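Asks: Everything below, folded, please.
(2 chains)
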Amino acid sequence: MAIVVDRKPLTFAERSYLPALLGGLKVTAKHFANTVFRGQNAAKATGEGYYPEVPWRVEPGYRGAPYLVRDQDGATKCVSCQLCEFICPPKAIRIVPPGPNGPPPERPGVEKIPKEFEIDMLRCIFCGLCEEVCPEEAIFLRQDYSLTGLARGEMIFDKDKLLSLGGVQGGIKKWSQKEQEARDQEEFPVKP
Amino acid sequence: MSDWLQFHPTLAFVLFSALKIGIVFGVVMTMVAYAVLVERKVSAFIQDRVGPNRTAPPLALRIPVIGRLLQGWGMFQPVADGLKFILKEDFTPVYVRTIYFWLAPAIAVIPALLTVAVIPFGSNLGAQKMVIADLNVGILYTFGIVSLGVYGIVLAGWSSNSKYPFLGGIRSTAQMISYEIAMGMSVVAVFMMVGDLNLSRVVEYQAGGIHHWLVWRQPVAFLLFMVAAFAETNRLPFDLPESETELVGGYHTEYSSMKFALFFLGEYANMIASSAMMVTLFFGGWQPIWGAAPATSMLAGVGHILWFLAKLCFLMVVFIWVRWMLPRFRYDQLMDLGWRKFIPIALANILLTAVGLAFCSSS
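Replies: Alright, predicted model coming up:
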């Protein structure tokens, strides 16, 4: 059912913008006086302090910088499928696949591991599409929100750096299960 | 006075004019830098923040109490900001129209500085009148120069060759042209009462104390001029050419480093110029609130300059404060206010003033 909102026409005084002006003056003067004369400010109100000394507390689920993660056995989860590279809107991710003579994967049942994996943090917009698209749950937006460097080169994070920053994100070990299923199927009366 | 100060008149004129230009330029630039600081501090206080209170050169903190105090007030922040602007990478995108892109910041900043030339910022200091150019058509000069300021913004918007700056440039053309008419018409009434276009005469007309100031005799003209000045200087609530929430950065989206700083400088120099204009036209210029004749001693001359600066600073704070009092106007509201409200009110004000003056002179 449609609700009809009664929109009253503005009075002459309201159309002159003067009540809005006075209201604005009242609010701003109150906040100004509170900050200057009574020493109240947002940092004190939240009771923690000022930013560089007291870093901002990030809630779980915050989407900061994207990092690569390892599984609970310490193996790199990324399988170099390059989906994140393709979906990344600012093209911040660069992946070099291992090729025929590349490094072997760190966990069983997986074919590949990236030879190189770089995220240019200057280009990254923290959109989280890489996390959403990843079929292996290998990349996550972590809590870091303040990344600084002295040169542009410093801001390109390579695979080792991303893995060390990303830490461990456990979960279902999809490929171990698949491998187990495949091994079970080799014996003829297949176990139920 | 000793003999060596007796110059040839022409030489003295050139010398003292150059001196005045140098000092006024220096003072305006310093005021711009510290106006930015005041803006940041006042904005912070209004928003329950503390504002810049970290910057300090290494040795400043060795000074016992004052060092900490100056750091807390952010007194070294403008120096750091200035240095940062000089050292930042000056990036010119490949798709811009280069000549106009480089020209625009200069065109934006020069008119703002030129306007200050006709403002009488003091009475006398020794034998010198405290105004750079005592033009007898001061206000016409001002309006002529101020209208040039829009070219800087329009050129910046057009030469950036990108959509948001372009929209900002278009908005500024419409806005500045509309409000210039209202602004010009509002001061006509003032000059009808004074009977002279020279700004020094306007100040002399307001001699004799606070109750003689034109703000009491022409309140409507003052309000119109004030609001039009906000629109002319692109300040909130009329900052449509640069509105950050809609147009990224408006006309200066593509600018960086010192070129961006020039736009910034031009905006604040414009604010100072229009505040100085309002002080001269409506608040008695350099006159103290009890009124005074032009100074005969050095001390009184300096006092008058300080009175002028005090009034100027007050109006600057008003400029800064109003920014947080009102939200930005919608574009049609802005045009409506300019054309359908201000211009008729200004015309009516001229008519009423004329009728009043006719009655006064006939009786």
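Asks: Strands of chain A, residue ranges please.
Replies: A:66-68, A:93-96, A:116-120, A:139-141, A:156-157 (DSSP state E).
Asks: Just name the most buried of these.
Replies: Greatest average neighbour count among the strands of chain A goes to strand A:66-68 (a mean of 25), per mean count of other CB atoms under 10 Å in any protein chain shown. All C-beta atoms are positioned from the backbone trio N, CA, C, and that covers glycine.
Asks: Chain A against chain B: which residues are in contact?
Replies: Contact residues (CB under 8 Å from any CB of the partner chain) of chain A with chain B: A:17, A:20-21, A:24-25, A:27-28, A:31-32, A:34-36, A:40-43, A:45, A:50.
Asks: now the residues you listed: which count as buried?
Replies: By neighbour count, with 16 or more other CB atoms under 10 Å in any protein chain shown, the residues of chain A next to chain B hold A:17, A:24, A:28, A:31-32, A:35, A:41 as buried.
Asks: Going by length in residues, pull out the top helix of chain B.
Replies: The longest helix of chain B (DSSP state H) is helix B:9-46.
Asks: So which bits of that helix are buried?
Replies: For helix B:9-46, burial by neighbour count (16+ other CB under 10 Å) applies to B:16, B:20, B:24, B:28-29, B:31-46.
Asks: circling back to that earlier point, okay if I get the buried ones among the residues of chain A next to chain B as TSV plus pLDDT and distance to B:Leu11?
Replies: Below are these laid out as TSV (pLDDT from 0 to 100; distance: CB to CB, whole Å):
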residue	pLDDT	distance to B:Leu11
A:Tyr17	81	54
A:Gly24	87	54
A:Thr28	90	52
A:His31	89	56
A:Phe32	89	51
A:Thr35	86	54
A:Asn41	79	57
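Asks: From those, pick the one nearest chain B.
Replies: Distance to chain B across those (CB to the nearest CB) is lowest for A:Gly24, with 3.1 Å.
Asks: what sits against that closest one?
Replies: B:324-326 (CB atoms under 8 Å, 6 or more residues apart in numbering or on different chains).
Asks: How about A:Pro89?
Replies: Applying CB under 8 Å, 6+ apart, the residues contacting A:Pro89 are A:125, A:127, A:129.
Asks: and B:Ile181, how far is that from chain A?
Replies: 20 Å (CB to the nearest CB, to the nearest Å).
Asks: phi, psi of that residue?
Replies: The phi/psi pair for B:Ile181 (degrees, to the nearest 10) reads phi -60, psi -50.
Asks: What is the neighbour count of it?
Replies: 15 (other CB atoms under 10 Å in any protein chain shown).
Asks: go on, B:Asp336?
Replies: Counted with other CB under 10 Å, B:Asp336 comes out at 13.
Asks: What of B:Asp332?
Replies: 8.
Asks: Would you mind measuring from it to A:Gly166?
Replies: 51 Å (CB to CB, to the nearest Å).
Asks: cool, and A:Lys8?
Replies: A:Lys8 is 56 Å from A:Gly166, by CB to CB.
Asks: picking up where we left off before, could you point out which of the contacts of A:Pro89 is nearest to chain B?
Replies: Nearest to chain B among the contacts of A:Pro89, with distances taken as CB to the nearest CB, is A:Ile125, at 14.9 Å.
Asks: measure A:Val27 to A:Leu21 for me?
Replies: Distance from A:Val27 to A:Leu21, by CB to CB: 11 Å.
Asks: shared neighbours of the two, which are they?
Replies: Shared contacts of A:Val27 and A:Leu21, counting by CB under 8 Å, 6+ apart, come down to B:Met325.
Asks: At which residues are the helices of chain A located?
Replies: A:12-15, A:18-37, A:42-45, A:83-87, A:129-133, A:159-166, A:174-186.
Asks: Also the stretch 151-300 of chain B?
Replies: B:163-194, B:199-205, B:214-217, B:219-232, B:244-247, B:257-282, B:298-322 (DSSP state H, counting those that start in this stretch).
Asks: between these, which has the poorest average model confidence?
Replies: Among the helices of the stretch 151-300 of chain B, helix B:244-247 carries the lowest mean pLDDT, a mean of 77.
Asks: I'd like to know which elements it is packed against.
Replies: helix B:163-194 (3 or more CB pairs under 8 Å, 6 or more residues apart in numbering or on different chains; DSSP states H and E).
Asks: picking that back up, quick one: which of the buried ones among the residues of chain A next to chain B is nearest to A:Val96?
Replies: Nearest to A:Val96 among these is A:Asn41, at 49.2 Å by CB to CB.
Asks: hang on, B:His252 packs against B:Pro165?
Replies: Yes. Between B:His252 and B:Pro165 there is a contact at 7.2 Å, judged by CB atoms under 8 Å.
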